[in-house]
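Enquirer: predicted model follows, preceded by the sequence.
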Amino acid sequence: MMKEKTAVFGGSFHPIHNGHIELAKHAADALALDRVLFVVDRIPPHKTLAEGATDSQRVEMMRLALSNDPRFSVETLELYREGPSYTVDTLKELHKRYPDSELFFLMGSDMLLSFHTWRQPEEIAKLATLVCIVREGQSGGEEQAAAKLKASINANVILLDEVSPLSSTEIRNRIYEAKPITGLVPAKEEHYIYMNGCYAPRELVPMYERLKKEISAHRMDHTAYVVQTAIELAERFGADPKKARLAALLHDCAKGFTEEQLLPYADTNPPILPVLHAPAGAAYAKQVYGVNDPDVLNAIRLHTTGDAGMKLLDKVVYLADMIEPSRKYDGIDEIRRAESLDQMMVLALSRTIWYIKERNFEVHPATLRALRDLEDSDGTIL
């Protein structure tokens, strides 16, 4: 009876990203692995973890990221072990759990080159085949190191080419700076990051915590998608990404207000209630969330109606709210495909006006002004 093949892929996964997953797939295919255990560190011996996500959040991101491949699973044995995490201890435990499996240990080139300094390297070599992932074009002495380990401790070392040069540090930095991460991490994980404010600047954390208490889970789900889309549109059209992120995060902060709370913000007679959470939200963002940036507050104020003279940031947040990934309605793909921001705005405003008139509701005057302003500026005829 042939033994199963189980690979151990250890790391802080802070956060896990597509490079990790592609590497695991490459190894699984090349070595005909039955499973890959992603072993998440609690206290790595050789480094200190960066801030930005709790242990439970790292694990949840991993579970979401790995959910599409049945060969992959999260292993948390190191997370709950007292003291530093040593590979030899992990492999001994996994050898007990999978007695009928041949173990493989995935590592990077730097780990292979320093392997002789690890705790009980000869014991590790007895417990598992070492699989070193070598970066493309790199000749850092991996073959020599493998031969030396074979001669000194009878280690079996397999060298595989790296698939992706992505790093968790790069992902964390991009999130912190409000740059897009679409395509760098799996979609489910990306949404979780924006739902929970993982790796965002520290001042945003209490905003996330308060917002999740004040709006519904469904509304928070939408908000996370709006944050993602606003960041992507800001990158595409040159808006300030951090302002776009903040305005998108708080754009619906007054969505749970009662009619009585909203009415003071009415500027039409009779009041158009469905849009009043926007000006109310701008006031609430300033009074309660401590936002004083006039650009951010104006983008929140205009995100439902628009108006003449909208700035770049106003348009980005308006569109992010309207075309975020969970939205589904006729014409949305045409808006998303438009080449310019103003073309997107014209299509979005036109669609909104049509929708409102079809239901015999009153169109807000600011929405009509916004469309007229764009038509005058670019000559678009509808």
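Expert: Right, received. Where do you want to start? Numbering: from 1, shown residues only.
Enquirer: only C-alpha atoms for contact and neighbour calcs from this point on.
Expert: Noted.
Enquirer: name the element the residue nearest the centre of the chain belongs to?
Expert: Residue closest to the average C-alpha location in the chain (C-alpha atoms, centre = their mean): residue 190, at 2.6 Å. Assigning secondary structure by DSSP states H and E places residue 190 in helix 187-196.
Enquirer: show the average pLDDT along that helix.
Expert: Mean pLDDT, taken over the full extent of helix 187-196, equals 98.
Enquirer: got it, and stretch 8-26?
Expert: Averaging pLDDT along stretch 8-26 gives 95.
Enquirer: likewise stretch 375-382?
Expert: Averaged across stretch 375-382, pLDDT comes to 54.
Enquirer: before we move on, back to that, just list the residues touching the residue nearest to the centre of the chain, thanks.
Expert: Residue 190 sits next to 181, 182 when contact means C-alpha atoms under 8 Å, 6 or more residues apart in numbering.
Enquirer: again, but for the one 4 residues further on
Expert: For residue 194, the contacting residues are 224, 225, 227, 228, taking C-alpha under 8 Å, 6+ apart as the criterion.
Enquirer: do the same with residue 285
Expert: 250, 253, 291, 297.
Enquirer: related to what we said a few turns ago, distance of the residue nearest to the centre of the chain from residue 61?
Expert: Distance, residue 190 to residue 61, using C-alpha to C-alpha, to the nearest Å: 8 Å.
Enquirer: now do the strands in the stretch 251-382 of the chain.
Expert: Counting by DSSP state E, counting those that start in this stretch, one finds no strands in the stretch 251-382 of the chain.
Enquirer: again, but for the stretch 51-200 of the chain
Expert: In the stretch 51-200 of the chain, the segments counted as strands under DSSP E, counting those that start in this stretch are 72-75, 101-108, 129-134, 157-161.
Enquirer: turn those into CSV, columns for mean pLDDT, mean neighbour count and distance to residue 368.
Expert: Listed next are the strands of the stretch 51-200 of the chain as CSV, based on pLDDT from 0 to 100; neighbours: other C-alpha atoms under 10 Å; distance: least, C-alpha to C-alpha, whole Å:
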stretch, mean pLDDT, mean neighbour count, distance to residue 368
strand 72-75, 98, 19, 52
strand 101-108, 95, 21, 58
strand 129-134, 94, 22, 58
strand 157-161, 93, 18, 58
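Enquirer: would you format those strands as a markdown table with distance to residue 328 included?
Expert: Output for these, formatted as a markdown table (distance: least, C-alpha to C-alpha, whole Å):
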| stretch | distance to residue 328 |
| --- | --- |
| strand 72-75 | 32 |
| strand 101-108 | 42 |
| strand 129-134 | 42 |
| strand 157-161 | 41 |
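Enquirer: quick one: which of those strands is nearest residue 14?
Expert: Nearest to residue 14 among those is strand 72-75; the distance by C-alpha to C-alpha comes to 13.6 Å.
Enquirer: and that closest one, how far from the chain's centre?
Expert: Centroid separation for strand 72-75 versus its chain: 19 Å, with C-alpha atoms, centre = their mean, to the nearest Å.
Enquirer: give me the residues contacting it.
Expert: Residues from elsewhere that reach strand 72-75, judged by C-alpha under 8 Å, 6+ apart: 35, 36, 37, 38, 39, 40, 59, 62, 63, 66, 67.
Enquirer: among those, show me the least confident.
Expert: Scanning these for pLDDT, the low point is residue 40. It has 93.
Enquirer: report the beta-bridge partners for that residue.
Expert: Taking DSSP bridges, one obtains residue 11 as the residues bridged to residue 40.
Enquirer: just give me the neighbour total for it.
Expert: If you count neighbours by other C-alpha atoms under 10 Å, residue 40 ends up with 25.
Enquirer: now it: how far from residue 9?
Expert: From residue 40 to residue 9 the distance is 9 Å (C-alpha to C-alpha).
Enquirer: what sits in contact with each of the two?
Expert: With the criterion set as C-alpha under 8 Å, 6+ apart, the contacts of residue 40 and residue 9 do not overlap.
Enquirer: follow-up on the earlier one: among the strands of the stretch 51-200 of the chain, which is nearest residue 3?
Expert: Closest of these to residue 3 is strand 101-108, at 5.3 Å (criterion: C-alpha to C-alpha).
Enquirer: now for the closest one, which elements pack on it?
Expert: strand 4-11, strand 129-134 (3 or more C-alpha pairs under 8 Å, 6 or more residues apart in numbering; DSSP states H and E).
Enquirer: ok now the longest one, how far from the chain's centre?
Expert: Its chain's C-alpha centre and that of strand 4-11 lie 25 Å apart, by C-alpha atoms, centre = their mean.
Enquirer: elements contacting it?
Expert: Under the contact criterion of 3+ C-alpha pairs under 8 Å, 6+ apart, strand 4-11 touches strand 35-40, strand 101-108.
Enquirer: and the first one, what's buried?
Expert: It stands for strand 35-40. Using 16 or more other C-alpha atoms under 10 Å as the test for burial, strand 35-40 gives 35, 36, 37, 38, 39, 40.
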